[in-house]
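In: make a model of this:
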Amino acid sequence: MAVALSSSDPNSYSESDRCEVTFLDWDVAVNFENHTIGGFAHLTVRRKCDDLDTLVLDVRDISVEKVFLTDSGTVCQFEISNPAKVSFGSKLSIKLGMVPEQSFKISIKYTTSSEASALQWLSPEQTAGKRQPYLFSQCQAIHARSLFPCQDSPAVKFPYTAKVKCPRDITVLMSAEREGTEPCPDDPSQVFYKFSMKVPIPSYLVAIVAGDLEYRNIGPRSKVWSERELVEAAAYEFAETEQMLQTAEQLGGPYVWGIYDLLVLPPSFPYGGMENPCLTFVTPTLLAGDRSLADVIAHEISHSWTGNLVTNRTFEDFWLNEGHTKYLERKIVSRLQSGRDYFELLSRQGFQILQQTVKSLREAGEEPYTRLVPDLRGVDPDDAFSTVPYEKGFALLYYLEQLLGGPEVFEPFLRAYIENFKYKSISTQDWKDYLFEYFSSQADQEKLQAVDWDTWLQGLGMPPCQPDYDGALLLEEPSRILSQRWITQTEGNLDVFQKEDMNSWPSLLVRQFLQFLLDEEDPLPLAKVIHMEKVYGFNAVKNSEVRFRWLRLCIKARWLECIPLALGFVTEQGRMKFVRPIYRDLHAWEEARLQAITNFGKVRREMHSTTAQLVAKDLHLEE
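Out: Next up, the predicted model:
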């Protein structure tokens with residue numbers, strides 16, 4: 001039977017109930033030749049018990065050279081072990097002796113592995129500009145332990161400073177405020193970049209990028225960074241960032257992080273975005289040219305409150321981050337768009353995505369991961385990652401909003417929740433206790449007592465009930481009508497469809513049109529799919545969300561000509577939201593299976609390690 005690595009976190013050996021890191025001073029050098037980062041992690045640690053004689057930290061494939069008490073220089077004995085025999089980390093045990101101080105500093109000299117799971121290294125040829133090598137990190141969920149020895153649990157939050165040595169021609173950024181550069185006295189080809197993060201954050205929010213980067217100002221507190229080839233397009237795409245920030249502040253309270261910069265990463269970045277404080281990472285698949293995919297920015301902005309400020313205590317409580325953030329994101333986008341009906345349309349589309357995810361997880365034998373609060377003992381949180389915490393979590397919050405009196409009542413609760421728990425890491429039980437405390441009237445208590453909490457939090461599959469999406473029905477009606485016309489029209493009379501069918505439609509409706517067709521149990525006949533391409537030209541569409549649904553529709557209809565298009569899509573970008581479902585679809589199609597496996601074998605080394613690991617499972621190449 002799988003066991004928890006510690007009593008405080010099933011995925012961390014670090015025993016944060018006995019002591020906790022309260023500050024990190026990171027002094028390292030980036031080595032592009034060896035694909036390593038090496039130097040010192042100076043940790044300030046606060047004891048929480050009297051008998052602390054051993055400090056336990058999480059590491060993964062890290063080479064530790066020396067450990068000593070910073071102030072006295074006393075060398076400490078250490079051991080790296082993995083008693084639970086998990087694949088996602090090891091235990092660094094440091095013998096302290098009896099340290100009398102309540103708070104003490106310890107220094108660890110170490111080097112990362114060239115295969116560190118947190119880091120992706122790109123050669124100049126793999127970048128857009130092909131001028132300089134490129135490095136970026138992705139520490140969520142539990143990859144920070146491969147970047148530096150740490151208590152790699154979201155329960156532990158700490159501020160940090162950093163001094164990073166790097167070649168002079170490379171720009172370094174971190175999830176922190178920039179504090180300038182210093183020349184390297186013994187090597188004029190190198191320079192030191194300095195950073196400071198004053199707000200306590202969990203280890204998974206420590207982030208670094210190093211490459212050939214430029215920026216454009218997009219607001220009074222925001223820049224967008226990327227390679228030169230993309231920076232103008234990115235500045236246009238994300239020009240509404242300040243409006244989103246101001247709207248988020250109206251909902252969540254003051255923005256405490258100072259700057260809010262964006263970084264457009266190379267295509268292999270595995271997520272739509274990553275909410276690293278002060279420097280959100282985003283995928284280039286958002287560059288649609290019409291700002292139609294900027295809702296991802298609203299999502300990452302929302303994390304500044306729900307996730308970064310109020311954090312899940314363990315990754316079993318991940319829905320607290322993502323469910324609340326989905327709720328905030330949709331509030332922001334709908335306020336900047338068309339109001340309540342738009343909110344309901346986004347919410348209904350999310351529910352459709354949840355239905356697809358639950359079906360896929362059930363078919364893959366992974367139904368336990370459809371629980372809102374899953375059991376992650378012995379499980380890498382990446383293996384449990386899906387839209388469930390996002391959309392099932394959102395559905396619970398939206399259901400509660402409707403149950404307790406609407407947005408006028410529930411939005412103030414959200415702001416009070418953030419104020420009450422800011423700078424803390426909390427559990428699902430903490431959230432639930434506060435919900436009951438806030439809605440204290442007898443009428444509200446009766447409503448909350450009647451909620452089927454066990455099924456919502458622990459039940460498999462879809463939620464026990466679905467919120468009402470009445471406002472969505474009117475907005476999505478054109479896409480519903482057109483999809484039904486395609487379904488019912490005889491194959492001999494397809495000339496009734498015209499390019500003008502979708503005149504002036506926002507991409508959200510185009511996506512919904514394709515989603516309606518995808519949701520049909522029977523595939524759309526191949527003749528109709530071929531004619532649809534002739535009429536609407538979907539093969540040439542740049543919007544990644546539309547392309548994704550269109551390619552899945554083509555695969556479902558078994559259109560052989562779409563196989564190279566689908567393989568091209570999963571090769572040119574590495575966003576798991578797109579890559580994994582399409583690889584799974586291709587694997588399920590006998591004529592495409594070998595081509596999918598062959599393509600994956602060719603490009604695997606260029607993919608992000610997390611993406612490659614999970615796609616290998618999707619293609620049944622690894623357990």
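
In: what's the helix or strand containing E446 packed up against?
Out: When elements are assigned from DSSP states H and E, E446 belongs to helix 442-449. In terms of contacts (3 or more Cβ pairs under 8 Å, 6 or more residues apart in numbering; DSSP states H and E), helix 442-449 is packed against helix 393-404, helix 428-438. In this view, the C-beta of every residue, glycine as well, is placed from N, C-alpha and C.

In: contact partners of the longest one?
Out: Defining contact as Cβ atoms under 8 Å, 6 or more residues apart in numbering, one finds that helix 393-404 is touched by 319-320, 322-324, 326-327, 330, 347, 350-351, 354, 372, 407, 409-410, 413, 435, 439, 444, 447-448, 451, 456, 463, 465-468.

In: domain assignment for this protein?
Out: According to the TED database, the chain comprises the domains 13-116+136-202, 305-458, 482-504+516-619.

In: now do the contacts for Y583.
Out: Applying Cβ under 8 Å, 6+ apart, the residues near Y583 are 570, 596, 600, 615, 618-619.

In: do that again at 6 Å, thanks
Out: Y583 makes contacts with 596, 615, 618, as judged by Cβ atoms under 6 Å, 6 or more residues apart in numbering.

In: most centrally placed residue in this structure?
Out: In the chain, the residue lying closest to the centroid (Cα atoms, centre = their mean) is M274, at 4.9 Å.

In: which residues are in contact with that residue?
Out: Counting by Cβ under 6 Å, 6+ apart, the residues that M274 touches are F281.

In: who's it bridged to?
Out: Residues in a beta bridge with M274, per DSSP bridges, are F281.

In: residues near the closest residue to T285 other than its chain neighbours, how many?
Out: What sits nearest to T285 in space, not counting adjacent residues and going by Cβ to Cβ, 6 or more residues apart in numbering, is S544, at 4.0 Å. For S544, the neighbour count with other Cβ atoms under 10 Å is 21.

In: can you pull the pLDDT of S544?
Out: S544 carries a pLDDT score of 94 in this model.

In: P506 too?
Out: 89.

In: what number of residues lie near it?
Out: So P506, with other Cβ under 10 Å, has 15 neighbours.

In: kindly report the same for the one 4 residues further on.
Out: Here the number of neighbours of V510 (other Cβ under 10 Å) works out to 22.

In: follow-up on the earlier one: how about CSV for the domains of the chain, with distance to D212 added?
Out: Listed next are those as CSV, based on distance: least, Cβ to Cβ, whole Å:
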stretch, distance to D212
domain 13-116+136-202, 7
domain 305-458, 28
domain 482-504+516-619, 18
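
In: which elements pack onto the helix or strand of the chain with the lowest mean pLDDT?
Out: Every helix and strand in the chain was compared by mean pLDDT, DSSP states H and E; the lowest is helix 470-475, with a mean of 85. Packing partners of helix 470-475 (3 or more Cβ pairs under 6 Å, 6 or more residues apart in numbering; DSSP states H and E): helix 340-363.

In: the helix it packs on to helix 393-404, inter-axis angle?
Out: Counting by axes from the mean of the first three to the mean of the last three Cα atoms, to 10 degrees, helix 340-363 lies at 130 degrees to helix 393-404.

In: who are the packing partners of helix 340-363?
Out: Using 3+ Cβ pairs under 6 Å, 6+ apart, helix 340-363 is in contact with helix 318-336, helix 470-475.

In: try it again at 10 Å.
Out: Secondary-structure packing of helix 340-363 (3 or more Cβ pairs under 10 Å, 6 or more residues apart in numbering; DSSP states H and E): helix 318-336, helix 393-404, helix 470-475, helix 507-519, helix 576-587.

In: any chance of the ones you listed in JSON lines, with distance to F538 too?
Out: As requested, these are exported to JSON lines (distance: least, Cβ to Cβ, whole Å):
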{"stretch": "helix 318-336", "distance to F538": "24"}
{"stretch": "helix 393-404", "distance to F538": "29"}
{"stretch": "helix 470-475", "distance to F538": "22"}
{"stretch": "helix 507-519", "distance to F538": "8"}
{"stretch": "helix 576-587", "distance to F538": "15"}
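
In: least reliable of those going by mean pLDDT?
Out: helix 470-475 (a mean of 85).

In: hang on, the earlier thing: what comes into contact with the helix holding E446?
Out: For helix 442-449, the external contacting residues (Cβ atoms under 10 Å, 6 or more residues apart in numbering) are 400, 403-405, 409, 432, 435-436, 438-441.

In: so which bits of it are buried?
Out: 444, 448 (16 or more other Cβ atoms under 10 Å).

In: now that helix: mean pLDDT?
Out: Mean predicted confidence for helix 442-449 is 98.

In: now the angle between helix 428-438 and that helix, please.
Out: Using the same axes, to 10 degrees: helix 442-449 against helix 428-438 is 160 degrees.

In: after helix 442-449, next one along is what?
Out: helix 453-458.

In: now do that following helix: distance to the chain's middle.
Out: Centre-to-centre, helix 453-458 and its host chain are 24 Å apart (Cα atoms, centre = their mean, to the nearest Å).
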